[in-house]
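>>> A structural model of the following input is requested.
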Amino acid sequence: MSRTLDGYSDKPTASKKWDTELLALTGALIGVALGCAHEINEAISHNMSEVEPFAQILAEITAAALTSAALFAAASAICNQWRLASV
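The predicted model follows:
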């Protein structure tokens, strides 16, 4: 546990709250990167005669971004709840 800057105080300070919005944004960016990497891998490794529509590719990348954003935000919310319960 961290201590306050005042040398005379022995009162412990609360740990810093996790930033849920920033973690959701980070998760979305990671999801977009993973979704794009997956689509590039599919384009390289599959037969070129099979063409996926652009809407399907965009939907898969969007789903990856939303899923990872929700996962990161949920992890942040859970950690913030545990922090509040322990204080």
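
>>> Find the centremost residue of this structure, please.
Gly27 (2.3 Å; Cα atoms, centre = their mean).

>>> Pull the contacting residues for that one.
Ser68, Ala69, Ala70, Leu71, Phe72, Ala73 (Cβ atoms under 8 Å, 6 or more residues apart in numbering). In this view, the C-beta of every residue, glycine as well, is placed from N, C-alpha and C.

>>> Can you say which of the residues you listed are buried?
Ser68, Ala69, Phe72, Ala73 (16 or more other Cβ atoms under 10 Å).

>>> shouldn't the third one be in contact with Glu21?
No. Taking Cβ atoms under 8 Å as the definition, Phe72 is not a contact partner of Glu21, at 10.3 Å.

>>> worst-scoring helix or strand of the chain, pLDDT-wise?
Across the helices and strands of the chain, mean confidence by mean pLDDT, DSSP states H and E is lowest for helix 54-86: a mean of 92.

>>> how far out from the middle of the chain is that helix?
5 Å (Cα atoms, centre = their mean, to the nearest Å).

>>> what do you get for stretch 19-36?
Relative to its chain's centre, stretch 19-36 lies at 4 Å (Cα atoms, centre = their mean).

>>> May I see the buried residues of it?
Quick answer for stretch 19-36 (16+ other Cβ under 10 Å): Thr20, Leu23, Ala24, Thr26, Gly27, Ala28, Ile30, Gly31, Val32, Gly35.

>>> what about dumping the CA coordinates of it to PDB?
This file holds the C-alpha atoms of stretch 19-36, laid out as PDB (Å, rounded to 0.1, in the frame of the first residue of the first chain):
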ATOM      1  CA  ASP A  19      -9.800   4.300 -16.500                       C
ATOM      2  CA  THR A  20     -12.600   2.200 -18.100                       C
ATOM      3  CA  GLU A  21     -13.000   4.500 -21.200                       C
ATOM      4  CA  LEU A  22      -9.300   4.400 -22.000                       C
ATOM      5  CA  LEU A  23      -9.100   0.700 -21.600                       C
ATOM      6  CA  ALA A  24     -12.200   0.200 -23.900                       C
ATOM      7  CA  LEU A  25     -10.600   2.400 -26.500                       C
ATOM      8  CA  THR A  26      -7.300   0.400 -26.200                       C
ATOM      9  CA  GLY A  27      -9.300  -2.800 -26.500                       C
ATOM     10  CA  ALA A  28     -11.100  -1.600 -29.600                       C
ATOM     11  CA  LEU A  29      -7.800  -0.600 -31.200                       C
ATOM     12  CA  ILE A  30      -6.300  -4.000 -30.400                       C
ATOM     13  CA  GLY A  31      -9.500  -5.600 -31.800                       C
ATOM     14  CA  VAL A  32      -9.200  -3.700 -35.100                       C
ATOM     15  CA  ALA A  33      -5.600  -4.700 -35.400                       C
ATOM     16  CA  LEU A  34      -6.400  -8.300 -34.800                       C
ATOM     17  CA  GLY A  35      -9.400  -8.200 -37.100                       C
ATOM     18  CA  CYS A  36      -7.300  -6.600 -39.900                       C
END
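
>>> That'll do, ta.
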